[in-house]
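> Sequence and predicted structure below; questions after.
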Amino acid sequence: MIQSICKFIFHKLMGWKAYVDVPYFDKCIICVAPHTSNLDLIIGKLFITAVGRKAGFVMKKEWFKGPLDYIFREWMGGIPVDRGNGTALITELVETANNSETFRLALTPEGTRKANPKWHLGFYVIASQAKLPIVLMGMDYAKKEIRMEKYVMPSKDRKGDLREIQLYFKDFKGRHPENFAIGVQ
């Protein structure tokens, strides 16, 4: 029922298209870019539900107040984050991934809705330490489409992996394209 509603909203009401050609892994990190608007979360959750998949996300703890706490945490699978404690969070998420039967977490590597050529690498560190594939999810507002057609298994060549991941997103246009920088490493 929820999937049908999300499909209707995503495809019919909003006019977006979905392209998915990666396995539905029991455990993975979903690297989502570009992230230039608060709407990315809503559109991303509509997409992921419309295509019959599930994924949690992290967001700064300040958003988890009052009725939003229930919506973000319980209904949408959000995890509140104290942004001043990144290392502890990464360790906790790796442990959670290792001790869970299913673990799918969507992360925005830019860490902000502003142009940030120096991506936060928590998504890569979690995937490397927990030995998880990194599914690449590109959002393109210009074409009104979301693509999940590639994944990367972290290797010993971190720099090469990051370059491949960043270059995947080079042609995607965020809602505010001027706020996106791939910052190839």
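Happy to help now that I have it.
> May I have the residues that are in contact with the closest residue to residue 33 other than its chain neighbours?
Among residues not flanking residue 33 along the chain, residue 169 sits closest, at 4.5 Å (C-beta to C-beta, 6 or more residues apart in numbering). In this view, the C-beta of every residue, glycine as well, is placed from N, C-alpha and C. Counting by C-beta atoms under 8 Å, 6 or more residues apart in numbering, residue 169 touches 33, 34, 136, 138, 180, 182.
> can you tell me which of those residues are in strands?
Residues of those located in strands (DSSP state E): 33, 136, 138.
> Would you tell me which one of the contacts of residue 169 comes nearest to residue 53?
The closest of the contacts of residue 169 to residue 53 turns out to be residue 136 (C-beta to C-beta; 14.2 Å).
> is that closest one in a bridge, and if so with what?
Beta-bridge pairing for residue 136 (DSSP bridges): residue 31, residue 150.
> Ok, the one 10 residues further on next?
Each beta-bridge partner of residue 146 is listed here: residue 18, residue 139, as defined by DSSP bridges.
> And the pLDDT at the residue of the chain most remote from its centre?
Residue farthest from the centre of the chain, counting by C-alpha atoms, centre = their mean, is residue 66 at 24.3 Å. What the model reports as pLDDT for residue 66 is 74.
> Now do the strands in this structure.
Assigned by DSSP E, the strands in the chain fall at 17-20, 27-33, 56-60, 78-81, 103-107, 134-140, 145-152.
> May I ask which of the contacts of residue 169 has the most neighbours?
Counting neighbours by other C-beta atoms under 10 Å, the top entry in the contacts of residue 169 is residue 34, with 26 neighbours.
> surely residue 183 meets residue 121?
No: using C-beta atoms under 8 Å, residue 183 makes no contact with residue 121, being 11.2 Å away.
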